[in-house]
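Asks: Any chance you could fold what I've pasted below:
(chains A and B)
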There are 2 protein chains.
Amino acid sequence: MWSTLHSKLRFSSGKRLNSTFRASEIVIDLTNNPKTMPALDETLIFGKKTTDHLFSVDWDAKRGWHTPQITPYQPLVLDPTSSCFHYGTECFEGMKAYRTATGKVLLFRPEMNVRRLRKSAAALALPDFDGEEFLQCIRKFVDIDRRWVPNKKGYSMYIRPTMIGTHQQLGVTKPGKAKLFIVNALVGPYFPTGFKPVALYCDEARVRAWPGGVGDKKVGGNYGPGIAYTDEINKLGYQQLLWLVNENVTEVGTMNFFVLWKNKEGETELITAPLDSTILEGVTRDSILALTKEWSEFKVSERSFTIHELTEAIEQGRVIEAFGAGTACIVCPVKKIFYKGKDYEIPMKLGNSGLLTKRLLDHVLSIQYGEIQHPWSYQVDY
Amino acid sequence: MWSTLHSKLRFSSGKRLNSTFRASEIVIDLTNNPKTMPALDETLIFGKKTTDHLFSVDWDAKRGWHTPQITPYQPLVLDPTSSCFHYGTECFEGMKAYRTATGKVLLFRPEMNVRRLRKSAAALALPDFDGEEFLQCIRKFVDIDRRWVPNKKGYSMYIRPTMIGTHQQLGVTKPGKAKLFIVNALVGPYFPTGFKPVALYCDEARVRAWPGGVGDKKVGGNYGPGIAYTDEINKLGYQQLLWLVNENVTEVGTMNFFVLWKNKEGETELITAPLDSTILEGVTRDSILALTKEWSEFKVSERSFTIHELTEAIEQGRVIEAFGAGTACIVCPVKKIFYKGKDYEIPMKLGNSGLLTKRLLDHVLSIQYGEIQHPWSYQVDY
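Replies: Predicted coordinates for the structure are as follows:
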């Protein structure tokens, strides 16, 4: 036991290096000026209305993790040479807290977000921590901000754990300092007035991820260039990019991508790209795969498929529906795909979405809001 | 004239949008507490010793550019939802100010850095500005910090222009706010005790850039993953990664890469990868190409070459020398390359570098420190 412990800890000038922070050690300083709660309506902009508090914990290479803190919401004060401003040493997660009809607060598979954040941090040489301890920190922090978890279906409190390098040195070097923080924000339904299907633009000249890179990690550098590319295609009347790796269809905008089609063998198949290191390991993606496999109503496949297979299937009338999947929207119907000068229209049985898209939305929401008892629900309440 | 002007400006609630800031409008607040100058010796760590002042100018989508400011050096105070912490909306430049023997302060081809920063910003949907105005801001700022430009050859004041997205919203969206700032730092020679040649590790499983990405831009997201990869190979006894795109040799660590060899046709040739969008448009790279072309002593080529061509040439004794090139080191000798289980040793005529490597270092330094009159020198002094 001791030898195991000893190998896990390092010593520096006689002081123990803290290889993790602990939820039991959080120092809490509650706000004296609680913010006014915004109206729960369509005016709520995603990720603008932050809550009353901020969770943060610092790390440095000498001491390890410091004491975690929950403070009144406040700005970050950072030296301009901090590595997060220069070298993209930053990673994040997105998850939500939901209010059940009986007033309980639930998270949805939060352990998956915690696991992915640790992977993303490793990809940037940022420090690791104990996942269960961080989950308990999230739980505590959500509980403290629980008045912000709205009592209205479709609304929720978005949780954004983020880790940044705060090392103060302009040399490109392994971060010797870091900060892990969590921001909470009140958010409404992604589609407040019902699904708004998106038009996709597919162009192999704009590439998000590639084998050997970090496209499967939730790191800042994967997003900035996509914002600029998306801005260009917005001007052409398309909302999101359909990303390819070589000719394989991978993601759409910042979401995973699913197609329900009759495949060449005539089987009804729900297909999405495999976890080959070029796509994000989406929690919603994983949930959709698990649910549809459980239903056993059609074939469910994680395998590569090309843009040519997809456009051919659309032309042959074999595509039943297509949608993006992510935490913000759960599912987002796709109405058409532009590729090499041509728009390929995708059917939508319900007018603004396909049947499966709507069914998945309703089913996942039912789990998230506790209408269905499910092992994926994680209760925040103590 | 008016129509040109009109097309360049946009109007918002009757107020002009400032499409650029202007050097003549800088508001200057000098420090009352000048820092103590560190010793000019080997203890100086690259990019740690920042100077007395900070240049900054904010931008927002409604007003455009605000008034630029030079203030005492201070931390940045930013909302935790600022996009630079989450989506890698950050780009930067690196350049240096040199003191001549007669006390003048010179920059080296600064217009190239300004041009590249504007390209990097565009790749992240960050705002543009007038390049000449920014160059005049840099000049003013360097002049104010001029006591930090050391009177000792090899030492210089490093200048780090940086632009970050400061948009406060967790949605992945085009930055509506940004901050452009400049940090200056006292730096010593990259190799204080003479060249330390580096050993390279080449592994196609670790990829820095790819066609259709932003590997040719100086954006934060290109660096973080490289730090983690480099940390892994450091543990194996290698200092830098030799990056490939497919099988083509592209960059080394954060530098461009040059090989002087006898090519298959028996010609002496200096070769470096072409500007094909996967490598950084290095200022030092461009300068080395221009100088060696002017010398006309050997063939100078910008073209793709594979790792197999390179290792074959080393095995056949055709490689004369190899080096990285960048602003920090100017040139950095390469002593060996690990590839597929084998170390390939590269000759070094001078023991710790090749003849051309040393000659280029001396020549570029002579221009930078004003020992040679050269059109690349840009005088800061008013």
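
Asks: wait, residue A:337 sits on residue A:313?
Replies: No: between residue A:337 and residue A:313 there is no contact under C-beta atoms under 8 Å: 11.1 Å. For every residue, glycine as well, the C-beta is placed using N, CA and C.

Asks: of the two, who's got more company?
Replies: Per other C-beta atoms under 10 Å in any protein chain shown, whichever of residue A:337 and residue A:313 has more neighbours is residue A:337, with 25 against 21.

Asks: Now residue A:351: phi and psi?
Replies: Here is the backbone geometry of residue A:351 (degrees, to the nearest 10): phi 90, psi -50.

Asks: what does residue A:24 give?
Replies: phi -70, psi -10.

Asks: residues contacting it?
Replies: Counting by C-beta atoms under 8 Å, 6 or more residues apart in numbering or on different chains, residue A:24 makes contact with residue A:136.

Asks: Contacts only, for the residue in the stretch 201-350 of chain A that chain B sits nearest to.
Replies: Closest residue of the stretch 201-350 of chain A to chain B, C-beta to the nearest C-beta: residue A:221 (1.8 Å). Neighbouring residues of residue A:221 by C-beta under 8 Å, 6+ apart: A:88, A:214, B:88, B:219-222, B:224-225.

Asks: now those residues in a markdown table, with pLDDT, distance to residue A:188 and secondary structure?
Replies: Shown next, in a markdown table, are these (pLDDT from 0 to 100; distance: C-beta to C-beta, whole Å; DSSP: H, G, I helix; E, B strand; the rest coil):
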| residue | pLDDT | distance to residue A:188 | secondary structure |
| --- | --- | --- | --- |
| A:88 | 97 | 30 | coil |
| A:214 | 96 | 31 | coil |
| B:88 | 97 | 26 | coil |
| B:219 | 98 | 32 | strand |
| B:220 | 97 | 31 | helix |
| B:221 | 97 | 30 | helix |
| B:222 | 97 | 35 | helix |
| B:224 | 95 | 32 | helix |
| B:225 | 94 | 34 | helix |
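
Asks: I'd guessed residue A:284 sits against residue A:325; true?
Replies: Yes: judged on C-beta under 8 Å, residue A:284 makes contact with residue A:325 at a distance of 4.5 Å.

Asks: For chain B, see how far away the residue most central in space within chain A is.
Replies: In chain A, the residue lying closest to the centroid (C-alpha atoms, centre = their mean) is residue A:94, at 4.0 Å. Using C-beta to the nearest C-beta, to the nearest Å, residue A:94 is found at 8 Å from chain B.

Asks: got it, and residue A:197?
Replies: Taking C-beta to the nearest C-beta, one finds residue A:197 at 19 Å from chain B.

Asks: Which residues are in contact with that residue?
Replies: The neighbours of residue A:197, taking C-beta under 8 Å, 6+ apart as the test, are A:332-335, A:348, A:352-353.

Asks: Can you flag the buried ones in those?
Replies: Those of the contacts of residue A:197 that meet the buried threshold are A:332-335, A:348, A:353, by 16 or more other C-beta atoms under 10 Å in any protein chain shown.

Asks: Just those residues: which are in strands?
Replies: A:332-335 (DSSP state E).

Asks: in the stretch 51-200 of chain A, which spans are helices?
Replies: A:110-123, A:131-144 (DSSP state H, counting those that start in this stretch).

Asks: what does the stretch 151-300 of chain A put close to chain B?
Replies: Residues of the stretch 151-300 of chain A lying close to chain B (C-beta under 8 Å from any C-beta of the partner chain) are A:158, A:160, A:162, A:164-165, A:168-175, A:181, A:183, A:185, A:204-207, A:210-214, A:219-228, A:230-231, A:253-254.

Asks: Mind checking which of those are buried?
Replies: By neighbour count, with 16+ other C-beta under 10 Å, those hold A:158, A:160, A:162, A:164-165, A:168-175, A:181, A:183, A:185, A:206-207, A:210, A:212-214, A:219-228, A:230, A:253-254 as buried.

Asks: Give me the three-state assignment for residue A:251.
Replies: strand (DSSP: H, G, I helix; E, B strand; the rest coil).

Asks: Settle this for me: it is touching residue A:244, isn't it.
Replies: No: in this structure residue A:251 lies outside contact range of residue A:244 using C-beta under 8 Å: 9.4 Å.

Asks: Which one's more surrounded, the two?
Replies: The residue with more neighbours, out of residue A:251 and residue A:244, is residue A:251; 29 against 23, by other C-beta under 10 Å.

Asks: List the beta-bridge partners for that one.
Replies: residue A:243, residue A:256 (DSSP bridges).

Asks: Kindly provide the distance from it to residue A:209.
Replies: Taking C-beta to C-beta, to the nearest Å as the measure, residue A:251 falls 8 Å from residue A:209.
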